[in-house]
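Colleague: Model the structure of this input:
(one chain, ligands or ions: 2)
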Amino acid sequence: MEILKTTGLKKYYGSGAGLVRALDGISMSIEEGEFAAVVGTSGSGKSTLLHMLGGLDYPTEGKVFVDGKDIFALRETELTIFRRRNIGFIFQNYNLVPVLNVYENVVLPLELDGEKPDREFVREVMETLGIYERRTSMPNQLSGGQQQRVAIARALASKPAIVLADEPTGNLDSRNSKEVMGLLKVTGEQFGQTIVMITHNEALAQLCSRVIRIEDGRIWKDGENPAQNCGMGARRQNPVGKRTGETAARNVQGGIRHEK
Ligand SMILES: Nc1ncnc2c1ncn2[C@@H]1O[C@H](COP(=O)(O)OP(=O)(O)O)[C@@H](O)[C@H]1O
Ligand SMILES: [Mg+2]
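Modeller: Ligands and ions are numbered 1, 2, ... in the order given. So this is what the prediction gives:
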C-alpha cells in the first residue's frame, strides 16, 4: 500500500537573481513498511524535502499525500493535528525536552494529543531500543546515542503513518551511528514502520531497502537497494521468498495499525 506520495513538489526561495530552487519537481511514492534513504550533497534539498513531507512548511507548488490525505489541503490547525498523529520526526539534535524524563519525553506527543499511551507498546519499543531501564533518567544524564534512541522511541510511540528522520546520526561518532542506525532498522522491521531517512553518509544509506538520490532539488536516481535484501521494500518484491518469510511473520505479529 502506498503510504506517502508527492506530485511535482517544488519549493523556491527568494526571487530574481537570488532565486533558489531548493526543490524543483519531486514526484515519488513510498510503500508502507519501506525504509528509504534520501541521499544528496549538502544543499541538494534534502531537509527542504523532509519538511514538505512532514507538513512543516508549505511548498511553492505540488502536493504531498500521507496515507491518502492531501496534507496541504488541510487548514493549518487540522494540519498540526494530522502531523502529530501521523508523522514521527527524528532530528539530528534529538530535540528532547530537558525538564521531562525519558518516559515523559517518549509519550509527550500522545499526551499533547489528549491520547492515552499504549503502555504495553511503548514499553516494547523502549525495550527494543534498550532505554526502558533508563525511563526515569533526565536527558542530560544520557549519552548522545541514548538520547537519539529516546527520540526514536518518541517518533514510534504514536504508531505514525511515517517516520521522517533528518541526519539522525549526524551528531554521533561512527560507532554510535552504526548502533542507532541498526536500531532504527530493527524497530522499523519489527513494528512495520515506514521510515524515510536523510543522510549524506553512503555507508548508512546502504543499510536501507531503497535509496533515493537527489541533486539540485531533483531526483536523479531512485531504486531498490541491491546491496540490501532484508528491508520490507525488498520483501514486497519477493513476497514468498524464503529469506524474507521470517521478517514477514514478525511483522504480522508486531504490525502497526494507524487507523485514525
Ligand atoms: N529558509 C530558506 N531560505 C532561503 N534558502 C533556503 C532556505 N532553506 C534552504 N534554502 C536553500 O535551499 C537549498 C536546499 O537546502 P536544504 O534543503 O537545507 O539542503 P540539504 O538539507 O540537502 O543540505 C540550499 O541552497 C539552501 O541554501
Ligand atoms: Mg539538511
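
Colleague: For burial, what's the neighbour tally of residue 60?
Modeller: By other Cβ atoms under 10 Å, 14 other residues sit near residue 60. Bear in mind the C-beta positions are built from the backbone N, C-alpha and C, glycine included.

Colleague: show me what contacts it?
Modeller: When contacts are counted by Cβ atoms under 8 Å, 6 or more residues apart in numbering, residue 60 touches 10-12, 23.

Colleague: what's the spacing between it and ligand 1?
Modeller: According to Cβ to the nearest ligand atom, to the nearest Å, residue 60 stands 12 Å off from ligand 1.

Colleague: Quick check, pLDDT for that residue.
Modeller: Residue-level confidence at residue 60 comes out at 98, pLDDT.

Colleague: Over to residue 247?
Modeller: pLDDT, read off for residue 247, is 37.

Colleague: what residues does the stretch 1-150 of the chain put near ligand 1?
Modeller: Residues of the stretch 1-150 of the chain lying near ligand 1 by Cβ under 6 Å from any ligand atom: 13, 20, 22, 40, 42-48.

Colleague: can we see that at 5 Å?
Modeller: 13, 20, 22, 42-48 (Cβ under 5 Å from any ligand atom).

Colleague: Which of these has the largest number of neighbours?
Modeller: residue 45 leads those on contacts (other Cβ under 10 Å) with 25 neighbours.

Colleague: show me the contacts for the residue nearest to that residue when sequence neighbours are not counted.
Modeller: Leaving aside its sequence neighbours, residue 45 sits nearest to residue 217 (Cβ to Cβ, 6 or more residues apart in numbering; 4.1 Å). Residue 217 sits next to 10-11, 21-26, 44-45, 48 when contact means Cβ under 8 Å, 6+ apart.

Colleague: now do residue 91
Modeller: 151, 165-168.

Colleague: could you dump those residues to TSV with distance to ligand 1 and secondary structure?
Modeller: Converted to TSV, the contacts of residue 91 look like this (distance: Cβ to the nearest ligand atom, whole Å; DSSP: H, G, I helix; E, B strand; the rest coil):
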residue	distance to ligand 1	secondary structure
151	18	helix
165	13	strand
166	7	strand
167	8	coil
168	13	coil
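
Colleague: one step back: could you list which of the residues of the stretch 1-150 of the chain next to ligand 1 also contact ligand 2?
Modeller: Contacts with ligand 2 within these, counted by Cβ under 5 Å from the ion: 46-47.

Colleague: list the buried ones in stretch 166-183?
Modeller: 166-169, 171-172, 176-177, 179-181, 183 (16 or more other Cβ atoms under 10 Å).

Colleague: Need the max-distance pair from these.
Modeller: Farthest-apart pair in these is 166 and 179; separation 18.6 Å (Cβ to Cβ).

Colleague: how about whatever residue of the stretch 1-150 of the chain ends up closest to ligand 2, what does it touch?
Modeller: Nearest residue of the stretch 1-150 of the chain to ligand 2 (Cβ to the ion) works out as residue 47 at 3.2 Å. Residues in contact with residue 47 (Cβ under 8 Å, 6+ apart) are 166, 198.

Colleague: ok, now residue 155?
Modeller: 88-90, 163, 165.

Colleague: Find the helix or strand that it is a member of.
Modeller: In this structure, residue 155 sits in helix 144-157 according to DSSP states H and E.
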